[in-house]
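Trainee: Fold the stuff below for me.
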Amino acid sequence: MKTLYLDCAMGAAGDMLTGALIELLPDADEFVKELNAIGIPGVEYKKEASVKCGITGTHITVTVNGVEEESYDHHQDQEHCSHGHENGSHDYNHGEHHHAGHEHHHAHHHSSLHDIEHIVRRHLSLPENVQDDIMAVYQLIGEAESRAHGVPVTEIHFHEVGTMDAIADITAVCMLMDRLNPDQVVVSPVHVGSGQVKCAHGILPVPAPATASILRDVPIYGGEVKGELCTPTGAALLKHFASHFGSMPVMKVRAIGYGMGKKDFPAANCVRAMIGEAEGAEDKICELSCNVDDMTGEAIGFAMEQLLHEGALDVYTIPIGMKKNRTGILIHVMCREADRETMIRLMFKHTTTIGIRENKLRRYVLDRRMETIDTPYGAVHCKISSGYGVERKKYEYNDLSRIAKENDISICEAALLTERHKNS
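Mentor: Numbering: from 1, shown residues only. Okay, here's the model as predicted:
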């Protein structure tokens, strides 16, 4: 199983994650050219070598209209230990989020989530799945800001220059994850720093409220480093892409990347990324379940479709008997721990249940890969699963179904014809 491990012993920020992931590519310089060609207004990416505690890595600088983003409330003291151009918390230094209609003391334009989606969907030359990832990350940030400030998500606005800078970070990481395409992403417990941080609104505890909100249900810890080590942007990227959080799995490492921050600490200020193969990887998942007795089959089917579309690993139903001899349906949803809250919200939204049960499980999976077999009847995809001393293969139903219909034969005959051609 292709596995990406992110070591966040010194926290995480968007630029650090970009630097670490870009070092895993064989053509990092070409990828920077791709970033600069996608069309983020006024943004330019620059890649440069950086050394921390004797270790050489990559620092990514983003300029907006030729100027590197610096917080207008930035303080060069130990209480504000920002990693790089994010300069601390996205929401309190980049963002200066405010209630819509509230008079703001800075004469800058601000963007809502709707404005950001317009930029991402209409102006950036990106695949749709990357656009979806960008907006999902921004939604996590917006929801965290909503909780921190006590206003609806629709009334959370982002400072204009910080918006371009953050879009640049989030877009770069989403593009890199799409390019690397790991089967699973394992993230270490996240070091968030300690103490307090100065910002536009005053002095706040570390982790800042938005960061703390995003990192709910994620293993985090403080330490001796004073200042903010994990930003909301970094936290949201980790939360979105992590299959699970925990220690490094047993894996054969193929490439290692170091993404550097700007500040210097006694420990190397970096995110370390490792990519390689983990056989028969162990995965921690959640099993969510509920009983319903007042939904039609069509409504249950629609709920299942929505859950699977939003990332559920599996959804299945079991007929059950309930109180007062009522017949009912038990709905089971299997998901990654990082997707638990999303699945719970969807279950309440699309089913009639008033309560959801949760079990935490360990899952053991075989390594999976796809092969394409060219036959006289067209291409047939074959899923090959291996590990734990076994190997299994299965031809894709859609391909066999097409061959069967076009040649007026059964599914079994289509599979047999494909197998004979493969072995000939």
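Trainee: Can you tell me the element residue 334 falls in?
Mentor: Residue 334 belongs to strand 327-336 when elements are defined using DSSP states H and E.
Trainee: Go ahead and name everything in contact with that strand.
Mentor: Identification of contacts with strand 327-336 by CB atoms under 8 Å, 6 or more residues apart in numbering yields 242-244, 283-293, 295, 300, 303-304, 307, 311-322, 342-343, 347, 351, 353. To be clear about C-beta, it is placed using only N, CA and C from the backbone, and glycine gets the same treatment.
Trainee: average model confidence for it?
Mentor: Averaged across strand 327-336, the pLDDT comes to 95.
Trainee: How far does the first helix or strand past it going along the chain sit from its chain's centre?
Mentor: As assigned by DSSP H and E, the chain's next helix or strand after strand 327-336 is helix 340-350. The chain centre lies 18 Å from the centre of helix 340-350; the measure is CA atoms, centre = their mean, to the nearest Å.
Trainee: Give me the sheet partners of the helix or strand following helix 340-350 and which way each runs.
Mentor: Once the chain leaves helix 340-350, the next helix or strand it forms, by DSSP H and E, is strand 357-364. Under the criterion DSSP bridges, strand 357-364 sits next to strand 282-292 (antiparallel) in its sheet.
Trainee: Tabulate the CA atom coordinates of the strand it pairs with in CSV.
Mentor: Output of strand 282-292 as CSV, limited to C-alpha atoms (Å, rounded to 0.1, in the frame of the first residue of the first chain):
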residue,chain,number,x,y,z
GLU,A,282,-3.3,-1.4,9.8
ASP,A,283,-6.0,1.2,9.7
LYS,A,284,-8.1,2.7,12.5
ILE,A,285,-11.7,3.3,11.4
CYS,A,286,-15.0,4.2,13.0
GLU,A,287,-18.2,2.2,12.7
LEU,A,288,-21.3,4.4,13.0
SER,A,289,-24.8,2.9,13.2
CYS,A,290,-28.4,3.8,13.8
ASN,A,291,-31.8,2.1,13.7
VAL,A,292,-34.7,3.5,11.6
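Trainee: Flag every buried residue along the helix or strand following that strand.
Mentor: Downstream of strand 282-292, the next assigned helix or strand under DSSP H and E is helix 297-309. Of all the residues in helix 297-309, those buried under the rule 16 or more other CB atoms under 10 Å are 300, 303, 304, 307.
Trainee: now do stretch 167-187
Mentor: Judged by neighbour count using 16+ other CB under 10 Å, the buried positions of stretch 167-187 are 167-177, 180, 182-187.
Trainee: Centre of the chain to it, how far?
Mentor: 7 Å.
Trainee: can you check stretch 299-310 too?
Mentor: Taking CA atoms, centre = their mean, one finds stretch 299-310 lying 21 Å from the centre of the chain it belongs to.
Trainee: cool, and stretch 186-201?
Mentor: With CA atoms, centre = their mean, you get 19 Å for stretch 186-201.
Trainee: and that stretch, what's its mean pLDDT?
Mentor: Here stretch 186-201 scores 86 as its mean pLDDT.
Trainee: coming back round to it: adjacent strands (with direction) for the strand holding residue 334?
Mentor: For strand 327-336, the paired strands and their directions (DSSP bridges) read strand 282-292 (antiparallel), strand 314-321 (antiparallel).
Trainee: any idea how far residue 113 lies from residue 121?
Mentor: 12 Å (CB to CB, to the nearest Å).
Trainee: quick one: which of these two has more around it?
Mentor: Set residue 113 next to residue 121 and count neighbours by other CB atoms under 10 Å: residue 113 wins out with 20 against 14.
Trainee: quick one: contacts of the helix or strand where residue 30 lies?
Mentor: Counting by DSSP H and E, the element that carries residue 30 is helix 28-36. Helix 28-36 is contacted by residues 22, 25, 43-47, 58, 168, 171-172, 175-176, 179 when judged by CB under 8 Å, 6+ apart.
Trainee: nearest to residue 380, of the residues you listed?
Mentor: Of all these, residue 380 sits closest to residue 179, with 27.0 Å by CB to CB.
Trainee: quick one on the thing from earlier: in strands, which of the buried residues of stretch 167-187 fall?
Mentor: Taking DSSP state E, the ones among the buried residues of stretch 167-187 that sit in strands are 184, 185, 186, 187.
Trainee: which one of those residues is nearest residue 150?
Mentor: residue 187 (29.3 Å).
Trainee: Any idea which helix or strand in the chain has the lowest mean pLDDT?
Mentor: strand 157-159 (a mean of 57; mean pLDDT, DSSP states H and E).
Trainee: re the thing from before, could you turn the buried ones of the contacts of strand 327-336 into a PyMOL selection?
Mentor: Restricted to buried positions by 16+ other CB under 10 Å, the PyMOL selection for those reads:
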select buried, resi 242+243+244+283+285+286+287+288+289+290+291+292+295+300+303+304+307+312+313+315+342+343+347+351+353
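Trainee: mind listing what residue 121 touches?
Mentor: Contacts of residue 121 (CB under 8 Å, 6+ apart): 131, 135.
Trainee: How much space separates it from residue 243?
Mentor: Distance, residue 121 to residue 243, using CB to CB: 27 Å.
Trainee: With residue 66 instead?
Mentor: Remark: distance between residue 66 and residue 243 (CB to CB) = 39 Å.
Trainee: sorry, back to before: so which of the strands paired with strand 327-336 gets nearest residue 131?
Mentor: Of all the strands paired with strand 327-336, strand 314-321 comes closest under CB to CB, at 25.1 Å.
Trainee: sorry, back to before: reformat the strands paired with strand 327-336 as CSV; add distance to residue 125 and mean pLDDT.
Mentor: Formatted as CSV, the strands paired with strand 327-336 follow (distance: least, CB to CB, whole Å; pLDDT from 0 to 100):
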stretch, distance to residue 125, mean pLDDT
strand 282-292, 34, 88
strand 314-321, 34, 96
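Trainee: In JSON lines, list those along with distance to residue 224.
Mentor: Output for those, formatted as JSON lines (distance: least, CB to CB, whole Å):
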{"stretch": "strand 282-292", "distance to residue 224": "29"}
{"stretch": "strand 314-321", "distance to residue 224": "43"}
